[in-house]
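K.L.:
from the sequence below, what's the structure:
(2 chains)
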Amino acid sequence: MPKEAIVRTIGLKKTFLLGKIPLHVLKGIDIEIYRGEYISIMGPSGSGKTTLFNMIGGLDKPTEGKVYIDEVDIAQLDAYELAWLRCRKIGYIFQTFNLIPVMTALENVMLPMIFGGMENDEAMNKAKELLETVGLGERLHHKPFELSGGQQQRVAIARALANDPAIILADEPTGNLDLKTGKEIIHLLKEMNKNKEVSIITATHDLKMLDVSDRVIWIRDGLIERIEDRENLQIKVGEVEGEEAG
Amino acid sequence: MSTQVPEKRKIEKQLVLPLKHAFNMSLRSIKIRFGRSIIVTSSIVLGIAFLMSILSSNAFIAGIIQKGPESLKIALQQNLDEIRTRQAWLVSLSLLVCVVGIVNAMLMAVTERSREIGTMKCLGALDKFIVELFLLESSIQGLAGSIIGVFVGALATLFIYLLRYKGLVWSIFPGQLIIKYSVFSILLGIVISVIGAIYPAYISAKLEPAEAIRREV
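P.N.:
Residues are numbered from 1 along each chain as shown, chains lettered A, B, ... in the order given. Got it, this is the predicted structure:
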């Protein structure tokens, strides 16, 4: 089967103004991400990971360049279409979980489906199913503050999957979790990637993520430093971790 | 399989937030931030109670002038215009303060909930959903506050007039007028709370999702 690009960026640039001084965060990023891939965007803090993540997710507008999601130039979309894209095509996962505090786990997962126009009962059944898949079948009616960090992130994963998106964008999904919980979340993401054939794009500096990634895009100072395939990665992991330890 | 691709790529526009859900969400937002809600509501209670006390006092005076003894009539009719003008000023001022209080509290709510708003937008919420939620929340508070305010204002006035005119109050009791004023005050209370929430709701709806999530309080 030919590889089909689900996300494509061309000459992506983003400049923030700090007072009057322009800060070039992204200096021209060209990437292609294919359907069903598990991609990690790695780089030190301040390298532009999160900015790139926001551009791909349609959460922020590029200063220059184009982002295509499923071959649609997202700069051409009006507010309604953009919201629809966020609702149906993309699932978001954040470092800080970002569940709606006033809603239970079940309601959090139901929300995107409600926005998408699904009937209440149908949404509830699907949300229950998804929460069972992520291992939270017993905690449907708990509020976010009654759940641990790992559990909250599981709810967020279930919520991201609610409308069967083509892409899941995860910004530092393990950043606020301990080592073991972080691993569990990574494996859960990988499982969803395999079973549901959803492309996963994570911006991270968690090296545990390397194990499961199909490709790793290294970003430094707003430019792509290198892109590595899984085969080459196996060897590198030890080296990088060695670097980190030293 | 490849023939299905164009269909999949179609971008649609339809997103909905059914009123039932919106109402539920607003109600819960009020509940979970009950302390804040009480402050907003009590400012409406005070404003509307004041308005209602003046309106019902006018109703009693009108009743006495119409049906009461001659001696009271003359005394009450003196300076009536001047008193009414002063009352109008006081009521407008108190309602203005009330609006300012609501705007202030709601702006704080926007800042506090910035991340929540950003998240909802990531899940596909349209700007108008956010506006709807804020306006609903405010009008629920407005309704609750005005109902309490109307009771407080009317009862307090009744009590004062009972002390002053005793049994006479019952014989001239302007029931219809009081009901009319109550409905008016409740409606006005809701309108005021919605007016107070418009600007904060607009600000929150205009937040870019990325910025809203990034913002730390």
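
K.L.:
residue nearest the centroid of chain B?
P.N.:
Closest residue to the average C-alpha location of chain B: B:Gly142 at 2.5 Å, with CA atoms, centre = their mean.

K.L.:
ok, that one touching B:Ser185?
P.N.:
No. Taking CB atoms under 8 Å as the definition, B:Gly142 is not a contact partner of B:Ser185, at 11.1 Å. All C-beta atoms are positioned from the backbone trio N, CA, C, and that covers glycine.

K.L.:
so what's the residue of chain A found nearest chain B up against?
P.N.:
When you check chain A against chain B by CB to the nearest CB, the closest residue turns out to be A:Cys87, at 2.4 Å. The contact partners of A:Cys87, taken as CB atoms under 8 Å, 6 or more residues apart in numbering or on different chains, are A:112, A:115-116, A:163, B:15, B:123-124.

K.L.:
where does the residue in chain B that chain A sits nearest to sit: helix, strand or coil?
P.N.:
Nearest residue of chain B to chain A: B:Gly124, at 2.4 Å (CB to the nearest CB). Secondary structure assignment for B:Gly124 (DSSP: H, G, I helix; E, B strand; the rest coil): coil.

K.L.:
quick check: A:Tyr176 is in a strand.
P.N.:
Wrong residue type there; residue A:176 is Asn, not Tyr. No. The assignment for A:Asn176 (three-state DSSP) gives coil, which keeps it out of a strand.

K.L.:
so it makes contact with A:Gln152?
P.N.:
No. Using CB under 8 Å, A:Asn176 is not in contact with A:Gln152; the gap is 9.1 Å.

K.L.:
out of these two, which sits in the busier spot?
P.N.:
Neighbour count, other CB atoms under 10 Å in any protein chain shown: between A:Asn176 and A:Gln152, A:Gln152 has more, with 23 against 16.

K.L.:
spell out which parts of chain A neighbour chain B.
P.N.:
Taking CB under 8 Å from any CB of the partner chain as the contact definition, chain A meets chain B at A:4, A:54, A:57, A:59-60, A:70-72, A:77, A:79-81, A:83-88, A:92, A:94, A:96, A:98-103, A:111-112, A:114-117, A:159, A:163.

K.L.:
can I get the buried part of these as one PyMOL selection?
P.N.:
A single PyMOL command suffices to select whichever of the residues of chain A next to chain B are buried according to 16 or more other CB atoms under 10 Å in any protein chain shown:
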select buried, chain A and resi 54+57+59+60+70+72+77+80+81+83+84+85+86+87+88+92+94+96+98+99+100+101+102+103+111+112+114+115+116+159+163
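
K.L.:
from the residues of chain A next to chain B, which land in helices?
P.N.:
Under the assignment DSSP state H, the residues of chain A next to chain B contribute A:54, A:79-81, A:83-88, A:111-112, A:114-115, A:159 to helices.

K.L.:
okay, and the common contacts of A:Asn176 and A:Gln152?
P.N.:
By CB under 8 Å, 6+ apart, A:Asn176 and A:Gln152 have these common neighbours: A:Phe97.

K.L.:
for chain B, what's the longest helix?
P.N.:
Max-length helix for chain B by DSSP H is helix B:127-165.

K.L.:
quick check: buried residues in the helix or strand just after it?
P.N.:
Elements were assigned by DSSP states H and E; along the chain past helix B:127-165, the next helix or strand is helix B:168-171. Neighbour-count burial for helix B:168-171, counted by 16+ other CB under 10 Å, picks out B:168-169.

K.L.:
do the next helix or strand after helix B:168-171 and chain A meet?
P.N.:
Stepping forward along the backbone from helix B:168-171, the first helix or strand reached (DSSP H and E) is helix B:175-206. No. Contact of helix B:175-206 with chain A is not found when judged by CB under 8 Å from any CB; the minimum separation is 10.4 Å.

K.L.:
can you give me how far helix B:175-206 is from the chain middle?
P.N.:
Its chain's C-alpha centre lies 4 Å from the corresponding centre of helix B:175-206 when counted by CA atoms, centre = their mean, to the nearest Å.

K.L.:
for that helix, name the packing helices and strands.
P.N.:
When contacts are defined as 3 or more CB pairs under 8 Å, 6 or more residues apart in numbering or on different chains; DSSP states H and E, helix B:175-206 packs onto helix B:34-67, helix B:80-112, helix B:114-122, helix B:127-165.

K.L.:
what angle do helix B:114-122 and it make with each other?
P.N.:
Angle between the axes of helix B:175-206 and helix B:114-122 is 80 degrees (criterion: axes from the mean of the first three to the mean of the last three CA atoms, to 10 degrees).

K.L.:
dump the residue contacts of B:Leu17.
P.N.:
Shown here is B:Leu17, whose contacts under the criterion CB under 8 Å, 6+ apart are A:114-115, B:125-126, B:129, B:132.
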